[in-house]
Every structure is written in C-alpha cells, then in structure tokens.
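Engineer: 3D, please:
(chains A, B, C and D)
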Number of protein chains: 4
Amino acid sequence: MSALEVLSFTPTPDQYAWTFGGAAPLARIRPGTVLRVFTEDCYAGHVRSEKDLVSDVCNFPFLNPQTGPFYIEGAEVGDTVAVHFIDIEPARDWAASTTLPLFGALTATHLTALLDEPLPEIVWIWELDRKARTCIFRAHSGDFTTALPLEPFHGTVGVAPANLEVRSALVPDAFGGNMDTPEMRAGTTCYLGVNVEGALLSLGDGHARQGEGETCGVAVECAMNTVIAVDLIKGRPCPWPRIESETHIISTGSARPLEDAFRIAQVDLVHWLAEDYGLETMDAYQLVTQGVLSPLANVCDTNYTSVAKFPKKYLPKVEAMRGADAKLRSIAAEYRRMHP
Amino acid sequence: MSALEVLSFTPTPDQYAWTFGGAAPLARIRPGTVLRVFTEDCYAGHVRSEKDLVSDVCNFPFLNPQTGPFYIEGAEVGDTVAVHFIDIEPARDWAASTTLPLFGALTATHLTALLDEPLPEIVWIWELDRKARTCIFRAHSGDFTTALPLEPFHGTVGVAPANLEVRSALVPDAFGGNMDTPEMRAGTTCYLGVNVEGALLSLGDGHARQGEGETCGVAVECAMNTVIAVDLIKGRPCPWPRIESETHIISTGSARPLEDAFRIAQVDLVHWLAEDYGLETMDAYQLVTQGVLSPLANVCDTNYTSVAKFPKKYLPKVEAMRGADAKLRSIAAEYRRMHP
Amino acid sequence: MSALEVLSFTPTPDQYAWTFGGAAPLARIRPGTVLRVFTEDCYAGHVRSEKDLVSDVCNFPFLNPQTGPFYIEGAEVGDTVAVHFIDIEPARDWAASTTLPLFGALTATHLTALLDEPLPEIVWIWELDRKARTCIFRAHSGDFTTALPLEPFHGTVGVAPANLEVRSALVPDAFGGNMDTPEMRAGTTCYLGVNVEGALLSLGDGHARQGEGETCGVAVECAMNTVIAVDLIKGRPCPWPRIESETHIISTGSARPLEDAFRIAQVDLVHWLAEDYGLETMDAYQLVTQGVLSPLANVCDTNYTSVAKFPKKYLPKVEAMRGADAKLRSIAAEYRRMHP
Amino acid sequence: MSALEVLSFTPTPDQYAWTFGGAAPLARIRPGTVLRVFTEDCYAGHVRSEKDLVSDVCNFPFLNPQTGPFYIEGAEVGDTVAVHFIDIEPARDWAASTTLPLFGALTATHLTALLDEPLPEIVWIWELDRKARTCIFRAHSGDFTTALPLEPFHGTVGVAPANLEVRSALVPDAFGGNMDTPEMRAGTTCYLGVNVEGALLSLGDGHARQGEGETCGVAVECAMNTVIAVDLIKGRPCPWPRIESETHIISTGSARPLEDAFRIAQVDLVHWLAEDYGLETMDAYQLVTQGVLSPLANVCDTNYTSVAKFPKKYLPKVEAMRGADAKLRSIAAEYRRMHP
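Structural biologist: Next up is the predicted model:
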C-alpha cells in the first residue's frame, strides 16, 4: 500500500496567481496527492474594516488571488483533473462583503452600460462564529442583526484555459475559474478538463457563505485553510466543469446571456446521463426535465454561471467519471485517519 | 363566527379559459372563499397515449386550459389577491410529457430561430402512484425505469393583465400566468397584484412534478383536483407575483433574457425586505446576496421565470403582506376540519 | 377599368385604438383601397411644451393611439396583408421627444430591474421645417442647435395578433405593432400575416425622424397625415413582418434578447430567398451573410426589433410576395395622378 | 520637415500571432510610422478549394493569424493608439467562406448549446474581380451567380488586453480584436486604448466583403496587402474601440447579450459627444437617439459587436480625439505622394 503524499502550501503575496494560464507552477504534484493550502480572500487581504473601500485599498487588476498553479504530472489535453474538497475552513473569525461601483447584478456595469448613477460603495464586515457555524450580519442602518449558516466553499477553482488564452481569475468559463457556485463545498469532487500539459490547477476566492446568484457581486469573502485531494482521469475529456457529491451529479455552464449558461449546463447533464448512465439522449432530456435542480451560481461575473444538479438515487447505480469520486473519498478518509 | 363559503367548480370543455384577460367570469366569489376546482391538463386532455403527438391531437391555440376566471368581489387596481393552495392532487393515475417541434430550452424555437432541424416529437406517459407518492418514468429506449417523487403544483395561476391586454395562458408575466415554478405547491400562498376590477383569477396547468427550468418545455402534465382559499389585500399593490410558504418568502420575475427575470425577482425581494421587514435598501441588497436561494422556474416559455427565495427564520418576526398567509392558513385549517 | 376606392379617416379621440386585437373595426375596406388617415402622436397629443412631462400629462395605459382597426374584406388566417405607404407627412410644425422614468435602452427599466436611481424626465420640442425637410434640435444646456433631416415614418403598424391575444400598441411582435423601424417610410410596402378574419389593420406612432435603436425610447414624435394603399395576398402566409422597397427586401424580428430578434429576421430573410428567389437554404445563408444590412430598429420596447435588409439588385429578377409591391405602386401612381 | 518612416512587414507562418497579448513584438515603431503589411486569411491559408473543410485542413486553435504585434514607442496605459487605414487590398483573386459545425448565428453553438444536429460544413470559393471591384458568388445548388461589391476591411485589429489577460484572436472585446465590423475600411481611423506598455498592435482577418452581423460566422475571407499609419494620443484614454471616418464618428461595443453590446456602443457615443463636442449628457442622449446609425457588426463571435455611428456634419465643428484623424490623413496623403 502506497503512503499518502501530502503537500502543504501557503503562498507569500508575491506568489499569488492572478490569472488562469500564464503563471509558472508553484509545485508539481502526482495524481493522488493531498494538498493543504491557504487561500487569501478576493481582496488580497486589503479590506479589513468597513472603512476599507475596495476602490481605495485594492490595486486593480490584482484581485482574487489564486493559490497555485499546481502542475499535475501526466496531465495532458483530453484528460480530466478531479479535485476532491476534503476540508474548507475559514482562516479568520471575520469576513467582508462589499458593493463596488459598476459591479453586481442589480446595477449598471461596464457591460450592461447605462447612464444611471452607480450605487454607493459600502463594506459589511461579517463576524464568523466558527463554533456555532454561523455568519453574523449587522445592518448599517438600524440595529437589525441575524446569523446565517456558515457554509464555506471556493468561488474559484480552475485549470489553464484552452485556445492559448490567459484569463483573469475573475472570469468563469469552460476551464472553471470564478464560477461562484455554493456547490463547490467540502465533500464534493470537481472535474475539470485539461487544456495544457500539467493542467495547472489553482484555487481561491473562499466564501464563508453566499446566496445563489451572488446578487451584489460579492460574497462573504474570507481567507481559507483548505485541504484537497487531486486525481487525474486519463483519456476522458470533460467539456465544462462538473461536480459530484455523495448525492448528486452536477453540471455547470458559464456564459452570457444567462439562458446560454443554463443551456450549457443542461446539455452537459443530458450528455453525462448518456455517457455514463446509458440513457438515450431524448430519454435523458425527458428525465433531466422532470428531475433537475437548477440553482443559479453567479449572475454578476464576466460570464454568468448556471448549475444543473441531478440526484444520483434516481439513476442507474454506476460510477460516473470512472469512479474518481469514490477513489478520492477513500484518499480523504485515509487523510482524516492520519490527521484527526 | 362566519361560516366558511365553499364553491366547487368543474368546468365543461366549452368553459375553459385560454387566456388571462378577455374571458367572462365563471363565478363571483367573496374574499375568504374556498374554491374546489378541477383543472384539465395542458393538452386539454387530448394526449392519452404515447401515440398522441401534440401536433396531431391538439388544436392550436387551444392549449393550457384554465379554470376560471373568478371575479373577486371588491378587487380593484392597487389591491392584491392572495391565493392559498390547500390541496393539489392528481385527478388521474397517469400523466404525460412530450417534446414539441420548435419548443423547449435545448432546441431551436420560434424565437431562438435557427436553421437547424427540429428535434423529434415524442410522448412519455408517466405512471402516478398516488399511494407511494411517486411518478414513474420509463425510458423509450432500453428498459430503464425510475420513480421520482410526486410533487404536484400548478404551472399556471394568474389574474387579468394590465395595459388592456389579453395574454395566452402559455405566457408568464407580471400578472402571473404560466410561471411553471415548482414553488406553487400546496401549503403556499401566491400574491397577485390586481389590474382590473374583480381581478379575474384563473388557474390550471397541473404538474405531477417538474425539474427547475422545465428544460424540454413540458412537465409531467396532469389534470388536478385542487382546493384554494382566496383573500384580498386592499390598497396594497404587488408588482410581480410573490409566494409565501411557512418557511420562505419568494419573489418571481418573468422576462427575457433570463438575467432580466433574475433581476426582477431579486429587486422585488430587496424591495419586499424594505417594505415589510424594515431593512434599508442597501442592507437588504447585502442580506439577499448572502441568503437568497435562486432556483429557476422555466427557461422555455414566452418569458423565462426566475425565483428568489429567502428563509423567514433569518428575518425580523413580522407578518408580510399584511398577514394574508396566516389568515388563509386558518381558513385552510377550518376547511380541513370540515372536510377531513 | 375599376375606379380607385379612397377612404379618408380622422379618428376622434374616443375612436383611438390602444391595442392590436380587441378593438372593434372602424371601417371595412376592400383590397385595393387607398386610405387617407390622420394619426395622433404617441402621447395622444398631450405633450405640447417642454413643461409637459409624460408622467404628468399622459394617462397610462392610454399611450400610442392607433388609427384603426380596419377590417379587410376577405382576409383570413394564412393570407398576408400588404400595406403600401404612399405618403407620410407631419401634421404639425413641431414634434416632441422625452425621457421617461424606467424606460429606454440606457437606463434601468421595469424589466432590466436595478436598484439605480432612474434618469431625469425631460421633454425636447423639435421644430419641423417642412419646406427645408429638417428637424431642428435645441440643446437644453448651452446653445447648441442642429438640423437633422426630416425622414418621417410610422413606428407602429400591425394587425390583430394570433393566439387569442390582445396586445398593447407599445408592443412589437409577429403581428407587427410597435417595431419602430425607420424602414417603414413612404415608398415601401409592409407585409403582415393575417391572424384573424378581417386582419384588423391599424397604424400610428408617427416619427418625424429616429436613429436606429430608438436609444432613449422615444423618437421625434409627431401626428401624421398618411396615405396608404392596402392589398391582400390570398393563401400566402408571412410569419414575421416584411418590408419591400424599390431597392430592398427587408425582414424583421422582434424578441428579447436582441440576438433572438436578429436571428428571427435573418432566418426569415434566408427563408424568403428560398421561397421567392429559388435559392437553396445553405446557399441563401451564405449570400445573406455576405450581403445583408442589419440596422437595428428599437432596443427599448417590450420586444427589441432587428431588421435584415437585402439589395434586390443582387438577386434573381423575380416578383417577391406575388408582386404585391408592384401592384400597390401602380395604385399609388394612379392615386397621385388623381391627387397631384 | 521630418521624413516619413515606412516599415514593410510580411510575416512568415511561424511569426503569426494567434492572440492579443502574450506574443513578443515583431518590431518597434515610432508614432507616425507607416506600416505596409501582409495579413494571411483567417484559415491561415489552408482553405484553397471547396473540398478544404475547415475541420479537416485547419489546426485548432491556430485560426485567425495576426500580423504583429508592433510595439509602439512611448505607449503607456491611459494613452490611445490611432490606426489609420490607408489601403486594404486583397492579395489574391479569390476568397473563401465556409460554414463550421457549432459556429454561426443561425445554428446551435458551443455557447447556445442545444441538442439539435449541427448544420452541414460547406466551403464557398468567391472569385474577386479586383478591376471590376466585385466579389462573385456561385451557388452550390443550381446555377445562380451574382456579383457583390468588393468592400475590403479588416475583421480584426487590436492591442494587448487589460487585466493581465491573453485573448484568442477570435475574440472581440474592449481591446478591439475580432470585431468584424465593415466600418474598419480604408480611409478610417481606429482608436484603441492602451493597456500595456508599447500597446502591442496587431491586425488580420481581411474580408473582401461581409454583411452586417456576419450571420453564418464567416465572411469572404481573404489575405490582404494593407497600409496603415499609426499614431499615439498621449494621456487620453479610450474605453472601447472607436472609429472615425471623414463623415462619421463611430463607437463600438462587444459583449453578450447583444443588447449589452448595443448599450456599450451607445453609452460610449453619448460620452464621446460630451467629451469632445461639449454636449451635456442628457442632450447628447437625445441627439444620439434621433441621429445614430446602428448597424450590427458580428452576432457570431465570442462577444457580439454593435456599432453606433453619428454623422459629423450635424455636430459642432471640432477635432475629435485631439485631431488624430486629421494628422493621420496628412501622413496618408504624404505616403500616397511618395507611393503613387
């Protein structure tokens, strides 16, 4: 039996990656490796109080720092990287959300360009009660306060893009990136098709929690201590990011307008049912129509992200994506035995 | 104590309404009335086997028959009708879903007009096991079968539109109509702003179940026996349909592109938190961003429908929409006592 | 030789139609008739100075009054009405444009719902110099003034919709309506598919001129004295409004998002080249790709309108739409001889 | 008086740039330089007959080769590069257009993902009659042939993007790139905001002609011999590509959905009228509304491109963009005197 390879990595600020593609690998890892990483928040740690407006304290385009990229040995175009999230835990007892001029779903933006005045720029500091597993909201106006569940996930995880491109870490697309889906939580496995040798995996943008759609454009943003296990599926492509949990298979699509993001995710789910579960395409279309859950991920980023989620219990009992999720769960179990 | 008024109504085929607006009222009811109605399926009952293609057996535009309209006494522009769904129960032990040429989210349509060949037209008959509360899918190709939960709801409920319009029962818009959201289930209250005297409430399009987005354009379509209680909120407008359950408040938006439907629902939820829960607008924007659930309703109809859903337990303890939901729940309880 | 039938009609304010469909015919006409009509401006004549804000002086939903409907004898579903614009002439020496809260392409609207403050409401009165054929703009701020060409057209022309619907005169769709394309000028013939017996033709919304897209939502709005000749093409349907000029054939599409409006118009043009000019579909697709002009019509109304325009001189010499344009031009010539 | 600097450059195939950003400069030039370049067609010259299907003969992602980049001395973030097209002339007497699976406006694509079968892949070879200035179309089916005007332009011109990105040469965005607007013809000046030191200007994708919208996704694609003059406007940013001709100022926007591309271009034009022509914003909004021409550029690429075009003759007599167009016209005149 092979020993578990565990690599810990906390980047220094000069080591952050700001893009997918175009950054030199921080380290090379073998499939099966467990990575323990620190990820800084999307502000690169510069927003620390309600006086720290993003437009004052952040240095564009140095937003959304990624930890990585990690070069995965043996990864080639046509393979798929599988990333299992073993643990995602806030590194601080507070997190910050903000509004930003010309950003967010309910205001004029650089792309939905209007003549209206932008909304005001505001910071909310959320207290994280890690014992009670809550995020505490305090209204700026009045004394209303409420505690929402702490439900941490990574807004951003991805590999280098295809087509010779280098994309900002703020962008979600076929390579993954800034999808901002709350489905990317501990206990799930994310599948990312490989576009360049070594895949070049990075992650960041921890969210203590977020509603579906990330309406104002910014979640409860938090540095994270995260543990992932990484595997490689040789010779099996994955056209758009997929996620697998113990209970669901999940396709994602990122595009504009939002109906195109929806179409991508739903078509991918139909094809996935055909590929791995043996359904004929039109039967899969019908079954998806009646059984899919379609929570939105983000409706604020460069591309919008829509999610298509199907319960495994209603499907044939097969191992999807060549059983990568099960294999990574066993690595996660072994890791937990070693690091209780 | 006033006696409960209960009105039963089963329309004859010549009594169906095919539009919102433009149809003469079937009956006048007082606020507080309980209505027991039969609603035919969206095919007007013409699809009865897998040989009954919609384009053969249905008679356009006579699709999606509505039971109604009901004239609500005292309803005027600027009021809101509240409809509590006491019970929604399939009237048959089978239901039908279909594909239709030039309809559905994953194919060229009359509006997303392309030169591609349309998909084939197919009918799936689903068996409904009302005791086991399941809907049984049988694949056309191969022998795969699976049972999804029976989760009945009304795809269509609405009032006469504003602006002197008459709209097909296939359309969702500010007046309600064909929103196709699985949130419209028994136990919820739907709020609809009144646009004409008497409001002219109709409902139909029962679905034994449906995924979020109604991907192929057609749910598990079924005739229903439904019981609703109807109330009127005087002097309180409701710009877009809202839903309230025991646990959530829910805003809806119907438009194209899908991001506009999302924006409408999210803006309405922000305004609702401001109106009824006392939050300042930017605080409400922040709280919605972190706490909202955004399941899609339909991405196939004339307008797409997006839903914004917020858990009541994280909000101040107030009665939204002047307490109409609580009042209707007590009518529902009384009705159940009388009709156990 | 038959005498030309000429009918003059100036509606009284209580005779305006505010919808397509749902209004009783003002008159019955035979195919071949020349109609001389007055159309009031979109404000129903209530905006007369820069102090007359629409939200003060207009009475919603009584906007965009139409002259009509006219019942065309013999018109049945599956036929097409052909309307040739012989003359469109401003009835006044001034016209008004405005901004309106929550309306226009460059601001938040009821559908592109945002939290931003709406833009200010402003009226601009344009002087029309009918001799010089100019429209004179005077800036509110500063003393800049400029004269744009007077290029009058009808923003709205249509027939009763299909599907049992009644639509506001502010809506463009397959029945025509508020398309707001500057192509609807004197000298062109508009083709509209018949959806109900008698077709029920109306027109209005005269514009002294307008840019492509009607960016702020409101053109240089003006009452018009207009002369049209109306014909009927039996047994030939027309799925979306088409226009023919001496030099071009023009398809239109009205939908959201704007790419769907584009797709509708371009697909219709490809099919038109196949139907009337004998090109195979893929060849027509190629020829349209290289030769089409695609000026936008409106990007502000309930549906956006896109236009696809192809020069006749590059096509086989055939008579499109069964030669209706040529026939109506000869009626126009005869009318001009009689009314020099 | 300074002598004109003229640099000629014909890239070898290994020198093509396939991206904006990420490629090393081919040469450094001073502002005021005239560049004479050869650009290969979008197929990198691999489609030479109607048997050469793109999916057979081209090597993805090596499509749309650019000639460049050229490092412009002194160019810094916040400056604008001005590129005047002196001459754009087909380098061959034929050009090729094609359909491609999952590409084009009237078919399912990777983003408008559907279950429909893709359209067939076809090549059309167009003959270019450079004396008669025509492009000759021959239908595949039947014997129809027609000659459209030869109206050459560059589909692609741009600089390195902002935000540390490298984008495929198939993408249009704020840095320019694959806008595919027929407005980019000889005699116009294109303005591109500088995002990185040296700007890194490239161009390619010559089109012998193209309709507005590039409906099937591919124009009449042709290698070009092109002459441009390049200048630098110091300290004046340009947020989206602009074009100036002798008669018009033109703004462009590239985004999805198409209405966002429209909004960007129209907002930019409004701001341009404010910046250079002294109009107050709401007055500019009104004037643009009534005077703008809005021809579409492409509705097929990664982002769609919309154009907003205003006639100079209706504006105050000022020199826009600090008079760069006039200066470059004088360089062009001098070049023509030297190279008659």
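Engineer: which one in chain A is furthest away from the centre?
Structural biologist: Ranked by distance from the centre of chain A (CA atoms, centre = their mean), the top residue is A:G142, with 33.9 Å.
Engineer: so how far is C:V123 from that one?
Structural biologist: 39 Å (CB to CB, to the nearest Å). Just so you know, the C-beta spots here come from the backbone N, C-alpha and C atoms, and that holds for glycine as well.
Engineer: likewise A:Y71?
Structural biologist: Taking CB to CB, one finds A:Y71 at 64 Å from C:V123.
Engineer: Check A:F38 too.
Structural biologist: Distance from A:F38 to C:V123, by CB to CB: 59 Å.
Engineer: Which one's more surrounded, those two?
Structural biologist: Neighbours per residue, other CB atoms under 10 Å in any protein chain shown: of A:F38 and C:V123, the larger number sits with C:V123, 21 against 16.
Engineer: What residues does the more buried one make contact with?
Structural biologist: With contact taken as CB atoms under 8 Å, 6 or more residues apart in numbering or on different chains, C:V123 is in contact with C:47, C:49-54, C:96-98.
Engineer: ok, now A:P152?
Structural biologist: Contacts of A:P152 by CB under 8 Å, 6+ apart are A:88-90, A:185-186, A:206-209, A:222, A:224.
Engineer: Roughly how far does it sit from A:T302?
Structural biologist: 24 Å.
Engineer: Repeat that for A:T281.
Structural biologist: For A:T281, the distance to A:T302 - CB to CB - is 31 Å.
Engineer: Point out where the stretch 1-150 of chain A drops to low pLDDT.
Structural biologist: A:1-2 (pLDDT under 70).
Engineer: Next to chain B, which bits of it? Give me the list.
Structural biologist: A:97, A:99, A:105-106, A:119-120, A:122, A:124, A:126, A:135, A:137, A:139-142, A:144, A:146-148 (CB under 8 Å from any CB of the partner chain).
Engineer: one more time with 6 Å
Structural biologist: The stretch 1-150 of chain A has residues A:106, A:122, A:124, A:137, A:139-141, A:146, A:148 near chain B, with proximity defined as CB under 6 Å from any CB of the partner chain.
Engineer: ok, then the element right after the helix or strand containing A:A95?
Structural biologist: A:A95 belongs to strand A:94-98 when assigned by DSSP states H and E. Once strand A:94-98 ends, the next helix or strand along the chain (criterion: DSSP H and E) is strand A:123-129.
Engineer: So which residues make contact with the helix or strand harbouring A:L35?
Structural biologist: Element membership of A:L35 [criterion: DSSP H and E] is strand A:34-39. For strand A:34-39, the surrounding residues in contact (CB atoms under 6 Å, 6 or more residues apart in numbering or on different chains) are A:6-10, A:67, A:204, A:206, A:224-229, A:335.
Engineer: In strands only, show me these.
Structural biologist: Counting by DSSP state E, those place A:6-9, A:67, A:204, A:206, A:224-229 in strands.
Engineer: from those residues, which is closest to chain D?
Structural biologist: Nearest to chain D among those: A:G204, at 14.9 Å, using CB to the nearest CB.
Engineer: For the residue of chain A found nearest chain C, grab phi and psi.
Structural biologist: Residue nearest to chain C within chain A (CB to the nearest CB): A:D116, separated by 3.9 Å. Dihedral pair for A:D116: phi -60, psi 150, per degrees, to the nearest 10.
Engineer: Correct me if wrong: it contacts A:L106.
Structural biologist: No. Look at A:D116 against A:L106 with CB atoms under 6 Å: they stay out of range, at 11.3 Å.
Engineer: Please identify which of the two sits among more neighbours.
Structural biologist: A:L106 (25 against 17).
Engineer: which residues touch the more buried one?
Structural biologist: By CB under 6 Å, 6+ apart, the neighbours of A:L106 are B:267, C:114-115.
Engineer: cutoff 8 Å now
Structural biologist: A:119, A:215-216, B:263, B:266-267, B:270, B:285, C:113-115.
Engineer: quick one: it and B:I250, what's the gap?
Structural biologist: Taken as CB to CB, the span from A:L106 to B:I250 is 18 Å.
Engineer: One more: A:G253?
Structural biologist: 24 Å.
Engineer: So for those two, which sits in the more crowded spot?
Structural biologist: Higher neighbour count among A:G253 and B:I250: A:G253, with 31 against 27, using other CB under 10 Å.
Engineer: can you count the residues close to A:A324?
Structural biologist: Neighbours around A:A324, by other CB under 10 Å: 23.
Engineer: meant to ask about A:A139, not that
Structural biologist: If you count neighbours by other CB under 10 Å, A:A139 ends up with 18.
Engineer: Could you verify my assumption that it touches A:I122?
Structural biologist: No. Counting by CB atoms under 8 Å, A:A139 stays clear of A:I122, with 11.1 Å between them.
Engineer: tell me the mean pLDDT over the lengthiest helix in chain A?
Structural biologist: Longest helix in chain A by number of residues (criterion: DSSP state H): helix A:258-277. Averaged over helix A:258-277, pLDDT sits at 98.
Engineer: and that helix, is it in reach of chain D?
Structural biologist: Yes. Helix A:258-277 comes into contact with chain D (CB under 8 Å from any CB), by way of A:260, A:263-264, A:266-268, A:270.
Engineer: Show me which residues of the stretch 201-340 of chain A are close to chain C?
Structural biologist: A:P257.
Engineer: could you pull out the strands for the stretch 201-340 of chain A?
Structural biologist: Under the criterion DSSP state E, counting those that start in this stretch, strands of the stretch 201-340 of chain A are mapped to A:201-209, A:220-221, A:224-233, A:242-244, A:248-255, A:296-298, A:304-311.
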